[in-house]
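Student: All I have is the shape, not the residue letters:
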């Protein structure tokens, strides 16, 4: 018999959503709640939310670009002045991954993080 490490589950319990939960999540999504917010509030993975929306035939919203060309230029200016990607992202209220994607799209080179070895 293998003993589980205290405080950790070797097989986490999956949360099953009731039909009422699914009705509520579809309604909330149609009212504008994001997939990530629904997943967090229901304690499930975002792919679970997407699966339920798809099974109910709910059309999903298109991703909307979070930054404008002007905000990317502003971010690039702060980044060029030495601010980190994370600091600039917080300044503009976007996720650092969003900012990195926008920089890549705009051709703004991204510095290596301090302490990281150069990629080969």
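Tutor: The structure has been received and is ready for your questions. Predicted, not measured: the structure shown is a model, and the values here were computed from it.

Student: hey, let's count contacts and neighbours off CA atoms from now on
Tutor: Will do.

Student: show me where pLDDT drops low in the chain?
Tutor: Counting by pLDDT under 70, the ranges of the chain that qualify are 1-14, 115-120.

Student: at 50 what do you get?
Tutor: Low-confidence regions of the chain, defined by pLDDT under 50, span residues 1-4, 11.

Student: Show me what the strand or helix carrying residue 47 is packed against.
Tutor: Counting by DSSP states H and E, the element that carries residue 47 is helix 46-55. Using 3 or more Cα pairs under 8 Å, 6 or more residues apart in numbering; DSSP states H and E as the contact criterion, the neighbours of helix 46-55 among helices and strands are helix 19-30, helix 35-42.

Student: Flag every buried residue along that helix.
Tutor: Of the residues in helix 46-55, those buried by neighbour count under the rule 16 or more other Cα atoms under 10 Å are 46, 49, 50, 52, 53.

Student: Let me know the closest of these to residue 67.
Tutor: residue 46 (23.0 Å; Cα to Cα).

Student: I figured the closest one hits residue 36, correct?
Tutor: Yes. Because the distance of 5.9 Å satisfies Cα atoms under 8 Å, residue 46 is recorded as touching residue 36.

Student: what's the domain layout of this structure?
Tutor: Here the chain is described, according to automatic domain parsing, as comprising the domains 19-55, 69-106.

Student: Can you tell me how far the most centrally placed residue in the chain is from residue 109?
Tutor: The residue lying closest to the centre of the chain (Cα atoms, centre = their mean) is residue 36, at 7.0 Å. In this view, residue 36 and residue 109 are 29 Å apart by Cα to Cα, to the nearest Å.

Student: can you check residue 53 too?
Tutor: As for residue 53, its distance to residue 109 is 38 Å (criterion: Cα to Cα).
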